[in-house]
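In: Just need the structure, nothing else, for what follows:
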Amino acid sequence: MNILVTGGAGYIGSHTSISLLNAGHSIIIADNLSNSKIETISRIEEITNKSVIFYQIDVTDEDSVERVFNTHQLDGVIHFSGLKAVGESVEKPLEYYHNNIVSTIVLSNMCLKYGVRKLVFSSSATVYGQNVVPFAEYMELLPTTNPYGATKIISERILTDVANANSDLAISLLRYFNPVGAHESCLIGEEPNGVPNNLMPYITKVARGELSVLKVFGNDYDTVDGTGVRDYIHVMDLAEGHLAALEKLDNGVNIYNLGTGKGTSVLEMIKKFEEINRIPVPYEIVDRRVGDIALCYADASKARRELGWETKRTIEEMVRDTWDFAKTL
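Out: Numbering: from 1, shown residues only. Coordinates of the predicted model:
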């Protein structure tokens, strides 16, 4: 298949691009490089020994997106391009609503106009709000604690309504949890611009001495050690989940959790990083971050049952690969 990967130069998009190319598909990447680097495209080509067509465009710009659809015969779209920081979304809600929702509408329009039958959407566990863990796909989506989660719920609803109104469009909504790690080549990994919003790149910046201390947002949650518990998943497992969802996608609306099914606390993650990589990570406890919840981990049995997909890589591999990549920066 010939697949358009929006946000394909980003962290999850670049690793998924590798999985697609290695599986024999061809890809076109569209990315505005707001939170990624142009060098990632050549690194994807180096890892796979295959060429990539790249457009530096904003997916909210309908004219730019239509030029891509008009130029290339596409079989499907994997939609990653979106702003993704929970805390930042509370501070900049309009940016999040505009970018994340408009891009989904534009892509849906283009798929219908040009007869592209498959669309895989990068959603998030934040759509579950304050539901009881483990989160399962059949749960009613509760009001979220942040605009980022709201944009994912709205985008899911848009795509569901579009698919219900157009039987020839098949949708997969992938709700995934906390991706970490890097490709084994160490050529690509998580490399956000500015101060990291996610735990692992924050840890590596402290380990490298770029930041003096790691801020842990709250230690008074009702968890094993008071810090937030998350379902950390290796980014290559996540990439392989997108590939499985795309290749199985045939009709209707399909919803899958992509996670390990196990929760790990922030302090447990820090200790595991220190243990495996033999490097200290000084941290301090600060106030809770607006929009965060205590527990977030998946019931991943549906993806295992219907897609034949499950995670393979361990926490130890996640923290090792994260650090091996960080040392190359």
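In: ok, the nearest residue to residue 266 once chain neighbours are set aside - contacts?
Out: Spatial nearest neighbour of residue 266, chain neighbours left out: residue 227 (3.9 Å); criterion: Cβ to Cβ, 6 or more residues apart in numbering. Backbone N, C-alpha and C define where each C-beta goes, glycine included. For residue 227, the contact set (Cβ atoms under 8 Å, 6 or more residues apart in numbering) comprises 216, 218, 219, 221, 265, 266, 267.
In: if I look at residue 227, how far off is residue 285?
Out: Taking Cβ to Cβ, to the nearest Å as the measure, residue 227 falls 8 Å from residue 285.
In: any common contacting residues for those two?
Out: Both residue 227 and residue 285 are contacted by 216, 218, 219, under the criterion Cβ under 8 Å, 6+ apart.
In: quick one: contacts of the longest helix belonging to the chain?
Out: For the chain, the longest helix by residue count, based on DSSP state H, is helix 93-114. With contact meaning Cβ under 8 Å, 6+ apart, helix 93-114 is reached by 6, 59-62, 65-66, 69-70, 74, 77, 79, 81-83, 88-89, 116-117, 119, 121, 147-148, 150-152, 154-155, 158-159, 162, 166, 169.
In: Which of those residues fall in strands?
Out: 6, 77, 79, 119, 121 (DSSP state E).
In: Make TSV from the contacts of residue 227 and add pLDDT to it.
Out: Formatted as TSV, the contacts of residue 227 follow (pLDDT from 0 to 100):
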residue	pLDDT
216	97
218	97
219	97
221	97
265	98
266	98
267	98
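In: What ranges does the chain have for its strands?
Out: 2-6, 26-30, 53-55, 76-79, 118-124, 170-176, 178-180, 214-217, 229-230, 232-234, 253-258, 264-265, 283-286, 295-296.
In: Residue 268 contacts residue 226, correct?
Out: No - using Cβ atoms under 8 Å, residue 268 is not in contact with residue 226, being 11.5 Å away.
In: residues of the longest helix of the chain that come out buried?
Out: Neighbour-count burial for helix 93-114, counted by 16 or more other Cβ atoms under 10 Å, picks out 96-97, 99-108, 110-111.
In: buried ones in the helix or strand of the chain with the lowest mean pLDDT?
Out: Lowest on mean pLDDT, DSSP states H and E among the helices and strands of the chain sits helix 86-91, with a mean of 88. Within helix 86-91, the residues that qualify as buried are 86, 88, 89, 90, counting by 16+ other Cβ under 10 Å.
In: So which of those residues is the closest to residue 54?
Out: Closest approach to residue 54 among those (Cβ to Cβ): residue 88, at 26.1 Å.
In: and the residue lying closest to that closest one once chain neighbours are set aside, what is it in contact with?
Out: Nearest-residue entry for residue 88: residue 197, 6.4 Å, with adjacent residues in sequence omitted and distances by Cβ to Cβ, 6+ apart. Counting by Cβ under 8 Å, 6+ apart, residue 197 touches 84, 85, 86, 87, 88.
In: What separation is there between residue 197 and residue 16?
Out: Counting by Cβ to Cβ, the gap from residue 197 to residue 16 is 20 Å.
In: Point out where the stretch 101-250 of the chain drops to low pLDDT.
Out: 193-194 (pLDDT under 70).
In: just checking, residue 22 touches residue 44?
Out: No - counting by Cβ under 8 Å, residue 22 stays clear of residue 44, with 10.5 Å between them.
In: quick one: which of these two has more around it?
Out: residue 44 (28 against 15; other Cβ atoms under 10 Å).
In: List just the nearest of the ones in strands among the contacts of helix 93-114 to residue 191.
Out: residue 6 (18.8 Å).
In: Look up how far residue 111 lies from that closest one.
Out: Residue 6 is 12 Å from residue 111, where distance means Cβ to Cβ.
In: joint contacts of these two?
Out: Contact criterion Cβ under 8 Å, 6+ apart; residues shared by residue 6 and residue 111: residue 77.
In: got the residue ranges for the helices in the stretch 101-250 of the chain?
Out: Ranges of helices in the stretch 101-250 of the chain, per DSSP state H, counting those that start in this stretch, are 147-165, 199-207, 235-248.
In: angle of the last one against strand 253-258?
Out: Right, the one you point to is helix 235-248. When axes from the mean of the first three to the mean of the last three Cα atoms, to 10 degrees is applied, the directions of helix 235-248 and strand 253-258 differ by 160 degrees.
In: Run the chain-centre distance for helix 235-248.
Out: 11 Å (Cα atoms, centre = their mean, to the nearest Å).
In: Just the residues contacting it, thanks.
Out: 1, 3, 11-12, 15-16, 18-20, 23, 76, 78, 118, 120, 172, 174, 176, 179-184, 189-190, 254, 256, 258, 260, 303, 306-309, 311-313.
In: Against residue 178, how distant is the nearest residue to residue 149 once chain neighbours are set aside?
Out: Once flanking residues are discounted, residue 149 sits nearest to residue 126: 3.4 Å by Cβ to Cβ, 6+ apart. Separation of residue 126 from residue 178 (Cβ to Cβ): 11 Å.
In: Next, show the common contact partners of these two.
Out: residue 296.
In: what about residue 204, how many residues close to it?
Out: 28.
In: Go ahead and confirm it touches residue 322.
Out: Yes - the pair residue 204 / residue 322 is scored as a contact, 6.1 Å apart, by Cβ under 8 Å.
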